[in-house]
Each structure stands twice: as structure tokens, then as C-alpha cells.
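Visitor: Here you go, sequence then predicted model.
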Amino acid sequence: MHTIDEARRRLQANEAQRRLDAVSSLQVTRNEPLSQHTRFGFGGPASLFADTRCEDAFLEALRIAGSSGLPWLVIGLGTNLIVSDNGFDGLVLRYSGSRISQQGNRIFVQAGAALQELVDCSILHGLQGLESMTGIPGNTGAAIYGNAGAYGASISDRVALVRYFDGEVVRETDHAGCGFRYRDSVFKRRRLEGQAWLILSAELEFPPGDAGAMREKADSILATRNRKYPPEMKCAGSIFKNLILAELPPQAQTVVPPAIVKGGKAPSAWFLEQAGAKGLEQGGVRVTEYHSNTLYNAGGGTAAEFCALVRELKQRVRAMFGIVLEEEVQYIGFDSSELP
Ligand SMILES: Cc1cc2nc3c(=O)[nH]c(=O)nc-3n(C[C@H](O)[C@H](O)[C@H](O)COP(=O)(O)OP(=O)(O)OC[C@H]3O[C@@H](n4cnc5c(N)ncnc54)[C@H](O)[C@@H]3O)c2cc1C
């Protein structure tokens, strides 16, 4: 960036910090290392970082962000983020409000609550539908944003109502208004279009279930997950989205073994495996030996190495099958020319 732009950005950050510091219940820091807020453990600093458990303070911070002239974004627990080694020259906000309450067949949850807390609450009260999502890290707001899911269940299956900030006012939408698709929602699409809708809280509706059976299922899934993704592993789960079989080029459709197609989706791991992904590495970033769609920071890895490895994987799969893999992870602070 030119020095004049840098100077202007610094002035904007100073002014934004002055206004954020005046908001009670908001913790504001300067040059916050984002490597400490992402599970991959790499990425440079955010010029400004503000965190709060208070919804009013979060809304005030969002209004300040919107009028600051700075680039800004909201993060959750950073389990699905790839932050540039140069960091993010703007304002990063996080909402940590985490209240959960159950009434009858409904659960109310604030966006900053860990998804696992919500899953455990549903199981405890014999409310069915989220138990197979046990062990998915991150918070509930981000899970709704990305329509997180596992083993055939997605959070969208149970979401009845979402409260969100549309940049001007707080609104509510029902399930239909969330526009859920596979690992996608209206909240995600709005952000990609540059008009963020930030989730504040949600209500989920459940059919009744057998709490004991659900706990057993959840514990067994968690044990499997912990083998695949040990809690200390610096990773983001699956890097690439699975592929809708019917949308693949005809020659690619014919080579996929029918037994691995689940719910009309072909695992991207299968294509990656055919392309020799397992064990590939770039510096400190590697593909695991046991799953081609899992990359991790083996120690000292950088975002640049991550991008180089992802670029190579995408090229291999495109060359072999004519398929363009799409990342599930989200990139922060990169120039478009740096992205794989
Ligand atoms: C080991 C491991 C296993 C995983 N397994 C799965 C899995 O099985 N299934 C699955 O779906 N995912 C999985 N993931 C991915 C990840 O856990 C999910 O995407 C999760 O929902 C991200 O939550 P987060 O709080 O870390 O969000 P972040 O990574 O911090 O943010 C993700 C996105 O959410 C947005 N966001 C955050 N809060 C809000 C809000 N309040 N309003 C609007 N947008 C918001 C952010 O802007 C960002 O774009 C896995 C990750 C890991 C590390």
C-alpha cells in the first residue's frame, strides 16, 4: 500500500479506536495477533480488535465499524478461517454473548455460544436433531452463517428463527428467510456481496428424542472425530466442500464409485486421493496421511504455504477430472491475486 493510504488508514484506525474505547463492555486492542484467534495458528495482526459479551455493545461497535471507513469483519472462534501472514488492516469484531435457554421443544441461543454447548443442551433435554453435530468446533452464529453440519444433519434442519443486524436495524427472519443451502445461507451470501447481516441470536425447534440414545450416538461420533481431528491439531476440518454429483462433468460422474456418494454428494477427498494428495506438504503445512481433505499446520506453517498447497491440490484435481474444487474455509486479509 502507498504511504499516503497507510497514513489515512492509521488515522481512521485511531478515530475508530477512540470511538470504540468509549463503548462500555467492549474490549478493544490494537495490533491483535490473529494467529491467537484461529485454529490453524497462523496469520498476522488485525489493526484493531474488539470483543464483547454484550449485544448492545456489539451493535454499537458494528455501527462504528460501518462508518469508520475501515475494512471490517466479524469472526467467531476462528476454526474456519485462513488469515494472511500480513494480517488484516482493519477492524475485527467478535460477539461472545453465549446465553442458552430451553423452553418446551425450543432452545434460544446467543450467537457467541459454542455450538457444542447448544448440542449438549439439546441432548440433555431430549431434543433431537443436533446430536450428530457433536464435536464441530466454533460458535453458533458461525454455524448458522455457514450452515454447519455432519453425518447428514445440518443446523438448518432445526433453525426456526434468527435475529440479525442488517447494518441499520435488528431484524428477525424465519427459517425460509435464512435461505439455507449446503454449507451456505443468506447470511453468507450477503457477506460475499459486501452487505453483512450479523447474527445475534436464534431459536431452534426440535422433535422429541431419547436423551440416552442421543448421548450414546454423540459420544461415539465424538470419539471418531477426536481420532480424525485430535483437539490439539491446527486445522480447519475439511478444506474443500464436497461436490454435488449431478453437477460434475459427465466423465467425472462416471468414475465416482456409487458406494461413496451420500445424499447426492461425492466427497472431494476421493478426487484428492486419486490425485495423490495424502501426505503432500508445503513447508509446515501438510495433508494428513489418512484423509486427503484435511490439511494441518504441523508447526511453523504460514498462510502463504497453505495457499501454495491448496493451489497445487486444486490444479491436480482440475487436471485429472476437470473439476474445480471450492474451499469451505474463508480467507481474510489476502489480495485476490494471492488466493489459490
Ligand atoms: C477439527 C474441525 C472439524 C470441523 N468439522 C466440521 C464439520 O463436521 N462440519 C462443518 O460444517 N464444519 C466443520 N468445521 C468447520 C468449522 O468448525 C465451522 O465452519 C464452524 O461453524 C466455524 O465456527 P467459528 O466460530 O470458528 O467461525 P469462524 O471460523 O470464526 O468464522 C466463520 C465465518 O462465520 C462468520 N461469522 C461468525 N460469527 C458470525 C455472526 N455472529 N454472524 C454472521 N457471521 C458470523 C465469520 O464472519 C466467518 O465468515 C470443522 C473445523 C475444525 C477445526
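Guide: Looks like it arrived, so ask away.
Visitor: For the rest of this, base every contact and every neighbour count on C-alpha atoms.
Guide: Noted.
Visitor: what about the helices in the stretch 51-200 of the chain?
Guide: 55-67, 115-124, 140-145, 186-192 (DSSP state H, counting those that start in this stretch).
Visitor: Next, give phi and psi for Ala50.
Guide: phi -140, psi 130 (degrees, to the nearest 10).
Visitor: and the gap between it and the ligand?
Guide: Using Cα to the nearest ligand atom, to the nearest Å, one obtains 13 Å as the distance from Ala50 to the ligand.
Visitor: got it, and Phe271?
Guide: On the measure of Cα to the nearest ligand atom, Phe271 and the ligand end up 19 Å apart.
Visitor: likewise Asp184?
Guide: 10 Å.
Visitor: Now do the contacts for that residue.
Guide: Listed by Cα atoms under 8 Å, 6 or more residues apart in numbering, the contact set of Asp184 reads Tyr145, Gly146, Asn147.
Visitor: go with 6 Å
Guide: Gly146, Asn147 (Cα atoms under 6 Å, 6 or more residues apart in numbering).
Visitor: Quick check: bridge partners of it?
Guide: Arg181 (DSSP bridges).
Visitor: quick one: contacts for the most centrally placed residue in the chain?
Guide: Nearest residue to the geometric centre of the chain (Cα atoms, centre = their mean): Asn80, 3.9 Å. Contact partners of Asn80, counting by Cα under 6 Å, 6+ apart, are Ala236, Val329.
Visitor: Flag every residue of the stretch 51-200 of the chain that's near the ligand.
Guide: Contact residues, the stretch 51-200 of the chain versus the ligand (Cα under 6 Å from any ligand atom): 74-81, 111, 136-139, 141-143, 145-146, 148-150, 198-200.
Visitor: Okay, and which of the residues you listed map to strands?
Guide: Val74, Ile75, Leu81, Gly149, Ala150, Leu198, Ile199, Leu200 (DSSP state E).
Visitor: which among the residues you listed gets closest to Leu325?
Guide: Nearest to Leu325 among these, counting by Cα to Cα, is Leu81 at 17.3 Å.
Visitor: And that closest one, how far from Ala303?
Guide: 10 Å (Cα to Cα, to the nearest Å).
Visitor: burial count for the residue lying closest to Ile123 once chain neighbours are set aside?
Guide: Of all residues not flanking Ile123 in the chain, Ala211 sits nearest, at 5.5 Å (Cα to Cα, 6 or more residues apart in numbering). When counting by other Cα atoms under 10 Å, one arrives at 17 neighbours for Ala211.
Visitor: phi, psi of Ala211?
Guide: Here Ala211 shows phi and psi, under degrees, to the nearest 10, equal to phi -60, psi -40.
Visitor: if I read this right, it contacts Gln128, doesn't it?
Guide: No - Ala211 is not in contact with Gln128 according to Cα atoms under 6 Å; the separation is 8.1 Å.
Visitor: can you list the domains in the protein?
Guide: Listed domain ranges for the chain are 3-95, 100-213, 230-338 (source: automatic domain parsing).
Visitor: what about the second one, start to end distance?
Guide: End-to-end distance for domain 100-213: 23 Å, by Cα to Cα.
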